[in-house]
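In: Make a model of this:
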Amino acid sequence: MKLVGISGSLRKGSFNTALLHAAVGLAPEGVDLIAATIHGVPLYDADVETADGIPAKVQELKELVAGADGLILFTPEYNNSIPGVFKNAIDWMTRPSADIARIFGARPVAVLGASPGNFGTILSQSAWLPVLRTLGTDPWFGGRLMVSRAGMVFDADGRITDEKVSRNLAAFIDGFASFVASRQGR
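Out: Take a look at the predicted model:
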């Protein structure tokens, strides 16, 4: 099984990128979790799309997701909602609109995240739901993972130091992989 995880942060020391990299190492046997980034995705501009087409980085992300069995969004939370840079990347991935079904249609999707605040990313995760519905995805509601106080969970090198968070992350990835497997060959 091939899963793609996308970190929605550009920050070098991103907790969500660290969470994604930890998840890659915790994926169950038979599951290949590929870490992807939104670095290099420009701000969406329909004039740029018309003049130059889809940027190479966006096309790369689209094809990575199109070739995957499932997608995991590792979302930060900015001002109680979805980070603009992450939503921008997803918006680009819906261009042209004829590609939405190929990239997102009925694709199993999970959302999790880490935040330095006390509430994890509960509001950001909830804010993704209308977007995922609009794109026609198959969201997984079987598990939730909101890593709060992330500054105390990761060391300076981005490794998880909290065993409970590590176990919860492994269980989340395993649960999502089982969900994806149940959706294959419907």
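In: show me where this protein has helices.
Out: Using DSSP state H, the helices of the chain run over 15-26, 46-52, 56-66, 84-93, 100-103, 122-134, 163-183.
In: For residue 157, find the nearest of these.
Out: helix 15-26 (8.6 Å; C-beta to C-beta). C-beta here means a position set from N, CA and C on the backbone, and glycine is covered the same way.
In: Residues contacting the closest one, please?
Out: For helix 15-26, the surrounding residues in contact (C-beta atoms under 8 Å, 6 or more residues apart in numbering) are 5-9, 11, 33-35, 37, 72, 74-76, 112-116, 147, 150-151, 153-154, 158-160, 166, 169-170, 172-173.
In: For the spatially most central residue of the chain, give its distance to residue 138.
Out: By C-alpha atoms, centre = their mean, the chain has its centre lying nearest to residue 73, at 1.4 Å. Separation of residue 73 from residue 138 (C-beta to C-beta, to the nearest Å) stands at 13 Å.
In: tell me which residues of stretch 92-103 are tucked away?
Out: Residues 92-95, 99-100, 103 are the ones in stretch 92-103 that count as buried (16 or more other C-beta atoms under 10 Å).
In: Over to stretch 69-77?
Out: Here stretch 69-77 shows 69-77 as buried, counting by 16+ other C-beta under 10 Å.
In: Make TSV out of the residues you listed and add pLDDT.
Out: Shown next, in TSV, are these (pLDDT from 0 to 100):
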residue	pLDDT
69	98
70	98
71	98
72	98
73	98
74	98
75	98
76	97
77	96
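In: In strands only, show me those residues.
Out: Counted as lying in strands by DSSP state E, out of the buried residues of stretch 69-77, are 70-74.
In: joint contacts of residue 73 and residue 138?
Out: Joint contacts of residue 73 and residue 138 (C-beta under 8 Å, 6+ apart) are residue 109.
In: how about the closest residue to residue 145 other than its chain neighbours, what does it touch?
Out: Distances taken as C-beta to C-beta, 6 or more residues apart in numbering put residue 112 closest to residue 145, at 4.0 Å, once the chain neighbours are dropped. Residues in contact with residue 112 (C-beta under 8 Å, 6+ apart) are 19, 72-75, 121, 125, 144-147, 169, 172.
In: Dump the residues you listed to TSV, plus distance to residue 61.
Out: Shown next, in TSV, are these (distance: C-beta to C-beta, whole Å):
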residue	distance to residue 61
19	19
72	13
73	12
74	14
75	15
121	21
125	20
144	25
145	23
146	24
147	24
169	23
172	22
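In: returning to that earlier point: hey, which of the helices of the chain is tucked in deepest?
Out: Of all the helices of the chain, helix 15-26 has the most neighbours on average by mean count of other C-beta atoms under 10 Å, namely a mean of 22.
In: Adding distance to residue 1, write the helices of the chain out as a markdown table.
Out: Shown next, in a markdown table, are those (distance: least, C-beta to C-beta, whole Å):
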| stretch | distance to residue 1 |
| --- | --- |
| helix 15-26 | 14 |
| helix 46-52 | 33 |
| helix 56-66 | 14 |
| helix 84-93 | 21 |
| helix 100-103 | 18 |
| helix 122-134 | 20 |
| helix 163-183 | 6 |
